[in-house]
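>>> pasting the sequence and the predicted coordinates here, then a few questions.
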Amino acid sequence: MKNLFLFFGMLFASLSLFAQDAYQFTEVIDLEATPVISQGRTGTCWSFSTSSFLESEIMRITGKQIDLSEMYTVRNTYPKKAENFVMRQGKAQFSEGGLAHDVINSVADYGLVPQEAFSGLFVNEESHNHAEMVAVLSAMVDTYVENPGKKLSKKWRNAVDAVLDVYLGKNLNTFMYEGKQYTPDSFRNMTKIEPKDYLTITSFTHAPFYKQFILNIPDNWSYGRMYNVPLDEMMNTIDNALQKGFTVELDCDVSERTFSSKDGVAVIPKDSENDIKALQGLYPEMNITQEYRQDEFENFDTTDDHLMHITGVLHDQNGTKYYKVKNSWGNDETRTANGGYVYFSEAYMRLKTISIMVHKDALPKNTANKLSL
């Protein structure tokens, strides 16, 4: 009997310890964002996340909640990808991927439209699946690079457009929204989004700090330039933005086993033996330095995988900071936690962030001054 009491005592202590160590989050900052949606079977997280970011910007600037069309941006970006790939004779990236600045470039060149005007879906289609479209487009641009006729036809650009018309829909010139007629440009102007006001920040030591440079990652097919700052300043930029009411667009690595949409957390345990356990409970995390971050990037252990949208800050029961990050994998409770959000520990954010995009007014003053902005 004594042994039985001892057994139950140890069991109760273990359960109490587990309960004490299980995550308990308290929201500190929770900024406005549109509902979580799914990008479906596409590689267009760059458009979904940056559209979500712009939706929050529209709410911040105008107070209006508008569901923007992700596929309008995708529809207008593919011809640019094809042009880049063919004119570089296949020595470039042609894929579904992209970065936040591709959306901003599209907004500048082609305006914005609401989801109800251009969904990219046809009758009886409920979710996006671009597998066939991408296979067709890839085969086409490969053929144009091979140039089997020994003289590239001027029709190839029209052929790419025709395929996009078939799979996503014809481009828009005008549309109705809330009883008023708009063009994509006039709709962008109505939202008060100014593309020139958004900039990308990163932090790597192979380029000079406080300068712009082109980060050589596969999805930077459009050779977008980023401002380079020390790691602490990049993190301060995220914090300053959120504290001032600005959300933040995020490009990051989600290939780690310590990132889990199902568990709703992303962490960097100090001891790798705790990688799986740390998805459900508190364990000590690594101290992420600039040097370690750089080594992980140059070893390809940190890669450009996924774009998401930072909308807030939380603390766990020990007061440790986490970032509330909106994903675009839907909000099915059987596959995702936190309503489709993932809570990034500060260590994970320091190590696995490739870049961030913010409104220029979200920059800390000292950083803006160093960047001459």
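Thanks, I have it.
>>> tell me what the residue nearest to the spatial centre of the chain is bridged to.
For the chain, the residue nearest the mean C-alpha position is Leu307 (1.8 Å; CA atoms, centre = their mean). On the basis of DSSP bridges, Leu307 is bridged to Asp251.
>>> model confidence at it, what's the number?
Predicted confidence (pLDDT) for Leu307: 98.
>>> these two touch, right, it and Thr50?
Yes: in this structure, Leu307 is within contact of Thr50 by CB atoms under 8 Å, at 6.8 Å. All C-beta atoms are positioned from the backbone trio N, CA, C, and that covers glycine.
>>> any common contacting residues for those two?
100, 249 (CB atoms under 8 Å, 6 or more residues apart in numbering).
>>> so where do the helices sit in the stretch 151-300 of the chain?
Taking DSSP state H, counting those that start in this stretch, the helices of the stretch 151-300 of the chain run over residues 156-168, 184-191, 231-243, 290-298.
>>> with just CA atoms, put the shortest one into PDB.
Spelled out, that is helix 184-191. Output of helix 184-191 as PDB, limited to C-alpha atoms (Å, rounded to 0.1, in the frame of the first residue of the first chain):
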ATOM      1  CA  PRO A 184      -7.700  48.700 -60.400                       C
ATOM      2  CA  ASP A 185      -5.800  52.000 -60.100                       C
ATOM      3  CA  SER A 186      -8.700  54.000 -58.700                       C
ATOM      4  CA  PHE A 187      -9.500  51.200 -56.300                       C
ATOM      5  CA  ARG A 188      -5.900  51.300 -55.000                       C
ATOM      6  CA  ASN A 189      -6.100  55.000 -54.600                       C
ATOM      7  CA  MET A 190      -9.400  54.600 -52.600                       C
ATOM      8  CA  THR A 191      -7.600  52.200 -50.200                       C
END
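>>> for the remainder of this discussion, apply numbering that starts at 29.
Renumbered: residue one is now 29, and that last one reads helix 212-219.
>>> burial count for Phe215?
With neighbours defined by other CB atoms under 10 Å, the count for Phe215 comes to 23.
>>> separation between it and Arg321?
Distance, Phe215 to Arg321, using CB to CB, to the nearest Å: 40 Å.
>>> do Ile229 as well
Ile229 is 14 Å from Arg321, where distance means CB to CB.
>>> these two - which one has more neighbours?
Ranked by neighbour count (other CB under 10 Å), Ile229 and Arg321 place Ile229 first, with 23 against 20.
>>> what bridges to the more buried one?
With DSSP bridges applied, Ile229 shows beta-bridge pairing to Tyr255, Ile384.
>>> residues contacting it?
Taking CB under 8 Å, 6+ apart, we find Ile229 in contact with 254-257, 262, 265, 383-386.
>>> try 10 Å
Contacts for Ile229 were tallied using CB atoms under 10 Å, 6 or more residues apart in numbering; they are 254-257, 261-262, 265-266, 269, 276, 381, 383-386, 390-391, 395, 399.
>>> one more: Tyr106?
The contact partners of Tyr106, by CB under 10 Å, 6+ apart, come to 122, 124, 126, 158, 161-162, 165, 169, 188-189, 191-192, 195-196.
>>> nearest to Leu180, of the residues you listed?
Closest approach to Leu180 among the contacts of Tyr106 (CB to CB): Val169, at 11.4 Å.
>>> how many neighbours does the closest one have?
Val169 has 22 nearby residues by other CB under 10 Å.
>>> can you show me the strands along the chain?
Ranges of strands in the chain, per DSSP state E, are 54-58, 203-205, 208-210, 226-230, 239-242, 253-256, 276-280, 287-288, 293-294, 334-343, 349-354, 369-373, 381-387.
>>> which regions of the chain sit below the pLDDT cut-off?
29-48 (pLDDT under 70).
>>> cutoff 90 now
29-49, 151-152, 181-182, 359-363 (pLDDT under 90).
>>> mind listing what the nearest residue to Glu160 once chain neighbours are set aside touches?
Distance criterion CB to CB, 6 or more residues apart in numbering; nearest residue to Glu160, sequence neighbours excluded, is Tyr195 at 7.6 Å. Taking CB under 10 Å, 6+ apart as the criterion, Tyr195 is in contact with 99, 103, 106, 148, 150, 157-158, 160-162, 164-165.
>>> which of these fall in helices?
Counted as lying in helices by DSSP state H, out of those, are 99, 103, 106, 160-162, 164-165.
>>> before we move on, back to that, same list (the helices of the stretch 179-328 of the chain) but as JSON lines, adding distance to Val341.
Below are the helices of the stretch 179-328 of the chain laid out as JSON lines (distance: least, CB to CB, whole Å):
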{"stretch": "helix 184-196", "distance to Val341": "37"}
{"stretch": "helix 212-219", "distance to Val341": "26"}
{"stretch": "helix 259-271", "distance to Val341": "6"}
{"stretch": "helix 318-326", "distance to Val341": "21"}
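>>> out of those, which is closest to Leu82?
So among the helices of the stretch 179-328 of the chain, helix 212-219 is nearest, using CB to CB, at 7.8 Å.
>>> that closest one: which residues count as buried?
Residues 212, 215-216, 218-219 are the ones in helix 212-219 that count as buried (16 or more other CB atoms under 10 Å).
>>> can you get me the start-to-end distance on stretch 281-293?
13 Å (CA to CA, to the nearest Å).
>>> mind checking how far that stretch is from the chain centre?
Stretch 281-293 has its C-alpha centroid displaced from the chain centroid by 14 Å (CA atoms, centre = their mean, to the nearest Å).
>>> stretch 368-376 too?
Stretch 368-376 has its C-alpha centroid displaced from the chain centroid by 13 Å (CA atoms, centre = their mean).
>>> pull up the distance across it, start to finish.
First-to-last residue span, stretch 368-376, CA to CA: 18 Å.
>>> report how many residues lie close to the closest residue to Tyr51 other than its chain neighbours.
The shortest distance from Tyr51 to any residue other than its chain neighbours is 5.9 Å, reached at Asp344 (CB to CB, 6+ apart). By other CB under 10 Å, 17 other residues sit near Asp344.
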